[in-house]
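Undergrad: Quick one: sequence and predicted model below, then my questions.
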Amino acid sequence: MGILSEKSPKKFKEESRMRNLKRALSLALASVMLLGMMVVGTSASYADVSSKNNLEAIEVLKAVGVMTGDDKGNFNPDKMVSRNEMAVVMCNLLGLKTGGSHPFTDVPAWAEPYVAACYTNGIIAGYDAKTFGGSDSVTTGQAALMLLKALGYFQYQSDFEDDWQFATSKQAGKIELFEDVDSGVTEAMTRNDLAQLVLNALESGMVEADDDTIKV
């Protein structure tokens, strides 16, 4: 008879991955807490960003290198974010080593290393086994799910319940992930709202597991 507390290799691998993600998020959060105080009351770094935008979030994420503007000095706050671009944001946020493999056949060359890194770390999933749909705009629900996974939620199939969007919305509501985000769960995300969503995720904290259970 095996020892009940013995952990499988898969369990060890999963815990190691979560520890690495937690370290990355902890470092990002420390930077955000410091820079958040510094950018309050400052003017926008981008010519196309004003007080009507999520200025603090945009400035903080620029400072920590998670989301930056284009080569013309614009942030393009109203531009929709594609699923490929969301993979880049997640890699920047978590400091993931880019590269690796993934099963999708529709990912352009420039996005390959980012999608692969997110797939390897359990952050993203495709529409089906071969289709990622990276050129589609990322919805608020999809972006929230990626961030929740990075925070330690939704590590098991049972966590999704019968409807992943409902489960995502419920968990996001508990940790105030959608605060000041002006888009519905099924709506495409602008760069302005995504910046706020990412900042909210950093400020919400990681899941803390109790032994081998999924208690938070």
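TA: Looks like it arrived, so ask away. Numbering: from 1, shown residues only.
Undergrad: List the contacts of stretch 75-82.
TA: For stretch 75-82, the external contacting residues (CB atoms under 8 Å, 6 or more residues apart in numbering) are 45-46, 48-49, 53-54, 58, 62, 67, 69-70, 89, 134-138, 143, 188-192, 194-195. Quick note: C-beta positions are derived from backbone N, CA and C, even for glycine.
Undergrad: For these, which PyMOL command selects only the ones that are buried?
TA: The buried residues among the contacts of stretch 75-82 can be selected in PyMOL (16 or more other CB atoms under 10 Å) with this line:
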select buried, resi 45+46+48+49+53+54+58+62+67+69+89+134+137+138+143+188+189+190+191+192+194+195
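Undergrad: Low-confidence stretches in this structure?
TA: Along the chain, segments meeting pLDDT under 70 span 1-42, 205-216.
Undergrad: can you map out the helices along it?
TA: 9-39, 55-63, 83-94, 112-120, 140-151, 164-174, 191-204 (DSSP state H).
Undergrad: how close does the residue nearest to A129 when sequence neighbours are not counted sit to G134?
TA: Distances taken as CB to CB, 6 or more residues apart in numbering place P103 nearest to A129, at 5.9 Å, with adjacent residues excluded. P103 is 13 Å from G134, where distance means CB to CB, to the nearest Å.
Undergrad: what number of residues lie near L197?
TA: 25 (other CB atoms under 10 Å).
Undergrad: Kindly apply the preceding question to T98 instead.
TA: Using other CB under 10 Å, the number of residues around T98 comes to 16.
Undergrad: Which residue comes closest to it once chain neighbours are left out?
TA: In space, T98 is closest to P113, 3.7 Å off (CB to CB, 6+ apart).
Undergrad: pretty sure that neighbour is touching G99, no?
TA: Yes - between P113 and G99 there is a contact under CB atoms under 8 Å: 4.7 Å.
Undergrad: of those two, who's got more company?
TA: Shown here are P113 and G99; by other CB under 10 Å, P113 has more neighbours (19 against 11).
Undergrad: roughly how far apart are that one and S50?
TA: Noted for P113: a distance of 34 Å to S50, by CB to CB.
Undergrad: now swap in K62 and tell me
TA: 15 Å.
Undergrad: Spatially nearest residue to V185, not counting backbone neighbours?
TA: In space, V185 is closest to G141, 4.1 Å off (CB to CB, 6+ apart).
Undergrad: what about that neighbour, how many residues close to it?
TA: As a burial measure, G141 scores 21 neighbours (other CB under 10 Å).
Undergrad: picking that back up, for the residue nearest to T98, what are its contacts?
TA: Taking CB under 8 Å, 6+ apart as the criterion, P113 is in contact with 98-100.
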